[in-house]
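Undergrad: sequence first, then the predicted structure:
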Amino acid sequence: MNLTLKIWRQKSPDDKGGMVTYPMKDVESHMSFLEMLDVLNNDLITKGEEPVAFDHDCREGICGTCSMVINGRPHGPDSAITTCQLHMRKFNDGDTIHIEPFRAKSFPVLKDLTVDRGAFERIMQAGGFISVNTSGNTIDANTIPIRKDHADMAFDAATCIGCGACVAACKNSSAMLFVSAKVSQLALLPQGHTERTERVLKMVHQMDAEGFGTCSNTGACAAECPKEISLDNIARLNREYLRASFVSGE
Amino acid sequence: MSNLFKIFNSSTGQKVIMALTGLFLCVFLVVHLMGNLQLFKHDDGFAFNHYSQFMTGNPLIKIVSYITYFAILYHAFKGLIMTMNNRKARPVKYQVDGGWANSHWTSRNMGILGTVLLVFIVIHMIDFWYEFKFGNLPTKKYIQYDIGGELKNMEFSGEKFQARVKASLGQINDFTTLEYKDLYKEVYATFDKWWYVLLYTISMFAVAFHLWHGFKSAFQSLGISHPAWNKTIKLVGYGFAVIVPLGFALIPLIIFFS
């Protein structure tokens, strides 16, 4: 199939950037979206032009690296997938495809389609962990009884790969789905229980300091999440935060 | 105190107050609508005028009314500030907006719908609230009389009154006269203008769309979410978003067309 790509090109974080049009000929329908971009980059390199910079790593939907917004939707026009899992058969001959980086003040563009998602790391550093004695006396996790439904909910929350599609999809660039998944995962398990009060306060305050917007409960994040993280986690985060605000000793 | 300020000034804390003020205003809407329905009592406007007087005179109601003013102002201005800050969280917009594919338009436009409502509330308050409190509304006299142990009211003038007096001579045990500002007449006069009825109806659509998302969203912001309850909350919210604004909109429409 023949396609017209309109891709955001930006040389550096300070560059203004803009959309550049690239006609693509003879694209195979069984290619993945990233393979299609590889072909484009091959052509660009052959012509002596700068290839399009985009993040990618595992190419099997696990790492969450392949951040881009395709025709206005993070990871493109399909649900519960990352960009690497998107195939060209989802498009038709003659289509124009707009490819843009994840847009948020907290995710500054580094180059072309690559953005800096360090804000997520800093939120995790603020409280997204459990403090465990690793001196050789660590208690085996399987010896601690856990309610089955809690284990299941914690596991569902833990499938979050931190890709940032929730932020990219949200009209407010809110990071609530990501933070709520991490808070839920830890708050639901006994190992995470000890630090739950300080954790939720610190993570939410770090999220705010990073400049993410507030949650309008539009549900766009959950709809675009490649791991289908549920909005129930955001409600749990709100509960955890309210509870912490009453019991915190700070 | 500073910790409390930090908590309620955080993104999550702000939403909690938005949810609480929003739900409080939902209760206010129900009370307001029940009051308005007294416009349709065939009693020369006694019930409605009596209710209007009660709503401005009773000290307990006065306290509640100040809470309502605060809730409206906080909800409106905090909402606008949050909307503007949220826009700043994405300085460079997308060339293609895919919002239609992943969320309901009401949820994405609460700020705009809220602004329409704020403008409406200002107009509405100038026309009725200000007029009642500070304007020169003519008053209306009512006679409240005890006939056969039953208390009845009617306007204290006119042919109907004279006929009733003649018919009831000897039957009335006791009577008092009451004087109220005639907001009833003012409402009927206002809803005689087609453009005002149109403004009202359009505004009630904005209320409906705002509530369509807002009702269930408030529960989510408060962390009230459970598989056993979510469907009920959603359905009650949708029902509320249709029935309450419809009730409000029918009042000017019925008055105009009758």
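TA: Looks like it arrived, so ask away. Residues are numbered from 1 along each chain as shown, chains lettered A, B, ... in the order given.

Undergrad: now the closest residue to chain A within the stretch 1-150 of chain B. Nearest residue, chain neighbours left out?
TA: Distance from chain A to each residue of the stretch 1-150 of chain B (Cβ to the nearest Cβ) is smallest for B:Gly98, at 2.7 Å. Quick note: C-beta positions are derived from backbone N, CA and C, even for glycine. Counting by Cβ to Cβ, 6 or more residues apart in numbering or on different chains, B:Gly98 lies nearest to A:Gly72, which is 2.7 Å off, once chain neighbours are set aside.

Undergrad: the one you found touches B:Asn102, doesn't it?
TA: No: assessed by Cβ atoms under 8 Å, A:Gly72 is found out of contact with B:Asn102, at 9.4 Å.

Undergrad: more crowded one of the two?
TA: Between A:Gly72 and B:Asn102, B:Asn102 has the larger neighbour count (other Cβ atoms under 10 Å in any protein chain shown), namely 22 against 19.

Undergrad: so what's the more buried one up against?
TA: Contacts for B:Asn102 (Cβ atoms under 8 Å, 6 or more residues apart in numbering or on different chains) come out as A:73, A:169, A:218-220, A:223-224.

Undergrad: go on, A:Ala168?
TA: A:67, A:69, A:74, A:102-104, A:107, A:224.

Undergrad: which pair in those spans the largest distance?
TA: A:Phe107 and A:Glu224 (14.7 Å; Cβ to Cβ).

Undergrad: which of the two has more residues huddled nearby?
TA: Neighbour count, other Cβ under 10 Å: between A:Phe107 and A:Glu224, A:Glu224 has more, with 28 against 25.

Undergrad: and the more buried one, how far from A:Ile97?
TA: 17 Å (Cβ to Cβ, to the nearest Å).

Undergrad: same thing with A:Arg243?
TA: Per Cβ to Cβ, A:Arg243 is found 45 Å from A:Ile97.

Undergrad: between those two, tell me which one has more neighbours.
TA: Neighbours per residue, other Cβ under 10 Å: of A:Arg243 and A:Ile97, the larger number sits with A:Ile97, 20 against 15.

Undergrad: confirm that one sits in a helix?
TA: No: the assignment for A:Ile97 by DSSP: H, G, I helix; E, B strand; the rest coil gives strand, which leaves it out of any helix.

Undergrad: can you show me the helices along the chain?
TA: In the absence of a named chain, chain A is used. A:33-46, A:118-127, A:148-158, A:165-169, A:176-187, A:190-193, A:196-209, A:220-224, A:232-247 (DSSP state H).

Undergrad: think we crossed wires, I meant chain B
TA: B:2-8, B:11-36, B:46-57, B:59-88, B:99-102, B:105-108, B:110-124, B:131-134, B:158-168, B:183-190, B:194-221, B:227-257.

Undergrad: now for the longest one, which elements pack on it?
TA: Counting by 3 or more Cβ pairs under 8 Å, 6 or more residues apart in numbering or on different chains; DSSP states H and E, the packing neighbours recorded for helix B:227-257 are helix B:11-36, helix B:194-221.

Undergrad: let's have the ones you listed in TSV, adding mean neighbour count and distance to chain A.
TA: What follows is these, written out as TSV (neighbours: other Cβ atoms under 10 Å in any protein chain shown; distance: least, Cβ to the nearest Cβ, whole Å):
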stretch	mean neighbour count	distance to chain A
helix B:11-36	18	4
helix B:194-221	20	4
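
Undergrad: just to revisit the earlier point, so what's the residue nearest to B:Gly98 up against?
TA: A:98, B:94, B:96-99, B:101.
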